[in-house]
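Student: sequence first, then the predicted structure:
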Amino acid sequence: MSSVLHRKINRRALLIGSGGFAAAALLPRVARTAMDSVKDLTLTLTAAPGRAPLVGASYPSTDVWCYGNSIPGPEFRVRQGEPVRVVVRNQLSEDTTVHLHGIRLPNAMDGVPGLTQPPIKPGEQFTYEFTPPDAGTFWYHPHADSLQQLGRGMAGALIVEEPEPIAVDRDILWMLGDWRLTSDAQIARGFGNAMEAGMSGRVGNTVTLNGRVSEEEPVRAGERVRLRLVNGALARIMALRFEGHRPVVDFYDGLSYWLTQLAYDKRPPMRAHPLAAPISLPRNPLPEPDLASAERHELRLQGGMMGGGAMMGMGGMQGMSHGMSWAINGHSMSGDGHAGMPPLLTLQHGRSYVLTMRNETAWWHPMHLHGYSFRVLSRNGSPVPHRQWADTVLIPPKESVDVTFVADNPGDWMLHCHVTDHQVSGMMTVLRVA
Ligand code: C2O
Ligand code: CU
């Protein structure tokens, strides 16, 4: 554990030198929505600049951009199969949209500017209407000027509850964020650095749990907790280790990060023996792909820096232009979405597909498909144990992953790396389902 303590000290050392004035505002972190017997629920999200005490009272509050005047944005809890409306008001000084990440919704509600809707201009609003078909832990974030809007704090959780409650004592959300802060706890400049874009992206120096640097999170002996994790970071890939009840974000060499510790409160154990049987969640109504008749396609992920700083695998590619670091099958689409993005593939409505995503680069890529959940079938040709449903799959350097889904949701859907710097500098494409 000494290395963990060392990290903790390092983490604090990143933020030396601030004046000791108190946090200006204590923002409400969670605006829970009382869900009982509410049908046709209308939720409101106001996007605007704000201030948040990310690092605690001994540092100044951080100037952020946020939803609902809080970091993270309001935690929405809705119910599977019940209609929801989300009214988004834009009080930023630039265009925005909201992408409801992981929800299988109609294409027009997907929040990609130009591709699925006109951007929401400053002072304007847009209403997203959908009925979440699947229970689970989802999140929302902008899909416009993503580097800055997500990087300055715009993200929140959207939890879709099962119709019948799951038997746990507590249902907890950890919305994780990553920030590059200066010594006075302000967001550092330099979004969209081209060198970082060709490497691991803008990884920060401060990881927050529900919008705060966390010293400890309370737990009670014997309780059964459902812990929902959302990585809302711009670029930081997180692998949580829980050894010794001290969750550590451990992914990049030399950048592991002591996140928090679980602290048992003084109360007596909730029960004499921990509950035995694990809970299995009810299945979501996802169509099972037919592997025998599935059409197969390969997506090659290309580009980025090699060890020596040279670009990799980009020689003479079509569609490459200045400032592009990455490509899929030789084509680079950049930004957050725009009108007239040509589809890389056109999939037949109702047909099963297997996509092989082959990472030819030296970097990790969490690949996200909009509008769908896919089954993860195999890695490097070997079957994965649980064949889980996911909307994002992490692909290590030089490895490949096969995923499968039924193309049952028509429209133009983005497929991109969720390291935002990679997405906006070429690792993005469009799949059309028609
Ligand atoms: Cu959370 Cu286009 O993605
Ligand atoms: Cu990537």
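Tutor: Perfect, thanks for sending it. Keep in mind that this is a model prediction, so the values were computed, not measured. Residues are numbered from 1 along each chain as shown. Ligands and ions are numbered 1, 2, ... in the order given.
Student: only C-alpha atoms for contact and neighbour calcs from this point on.
Tutor: Will do.
Student: keeping just the C-alphas, turn stretch 375-384 into CSV.
Tutor: Backbone C-alpha positions of stretch 375-384 (Å, rounded to 0.1, in the frame of the first residue of the first chain) are rendered in CSV as follows:
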residue,chain,number,x,y,z
ARG,A,375,-22.5,-8.4,-27.9
VAL,A,376,-18.8,-8.7,-27.4
LEU,A,377,-18.0,-12.1,-29.0
SER,A,378,-14.3,-12.5,-29.0
ARG,A,379,-10.9,-10.9,-28.6
ASN,A,380,-8.1,-11.8,-31.0
GLY,A,381,-10.4,-14.6,-32.2
SER,A,382,-10.8,-16.2,-28.8
PRO,A,383,-14.4,-16.2,-27.3
VAL,A,384,-14.9,-13.9,-24.3
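Student: report the buried residues of it.
Tutor: Arg375, Val376, Leu377, Ser378, Arg379 (16 or more other CA atoms under 10 Å).
Student: quick check: closest non-adjacent residue to Arg77.
Tutor: Closest residue to Arg77 apart from its sequence neighbours, by CA to CA, 6 or more residues apart in numbering: Ile159 at 4.7 Å.
Student: surely Ser325 meets Gly304?
Tutor: Yes. Using CA atoms under 8 Å, Ser325 is in contact with Gly304, at 5.3 Å.
Student: report the contact partners of Val406.
Tutor: With contacts defined as CA atoms under 8 Å, 6 or more residues apart in numbering, Val406 is in contact with Pro287, Glu288, Pro289, Asp290, Gly350, Arg351, Ser352, Tyr353.
Student: which secondary structure elements does the helix or strand hosting the last one contact?
Tutor: What that stands for is Tyr353. If you go by DSSP states H and E, Tyr353 is part of strand 352-359. Packed against strand 352-359, as judged by 3 or more CA pairs under 8 Å, 6 or more residues apart in numbering; DSSP states H and E, are the following elements: strand 295-303, strand 400-406.
Student: tilt between the helix or strand that the shortest one is followed by and strand 295-303?
Tutor: On the C-terminal side of strand 400-406, the nearest following helix or strand under DSSP H and E is strand 411-417. Regarding strand 411-417 and strand 295-303, their directions subtend 40 degrees when assessed with axes from the mean of the first three to the mean of the last three CA atoms, to 10 degrees.
Student: in the sheet, which strands lie alongside strand 411-417, parallel or antiparallel?
Tutor: strand 365-369 (antiparallel), strand 428-433 (antiparallel) (DSSP bridges).
Student: what does that strand contact?
Tutor: 107, 115-116, 343, 365-371, 423, 427-434.
Student: next: stretch 279-287.
Tutor: The contact list for stretch 279-287 (CA under 8 Å, 6+ apart) reads Pro133, Asp134, Ala135, Glu162, Ile166, Ala167, Ser373, Phe405, Val406.
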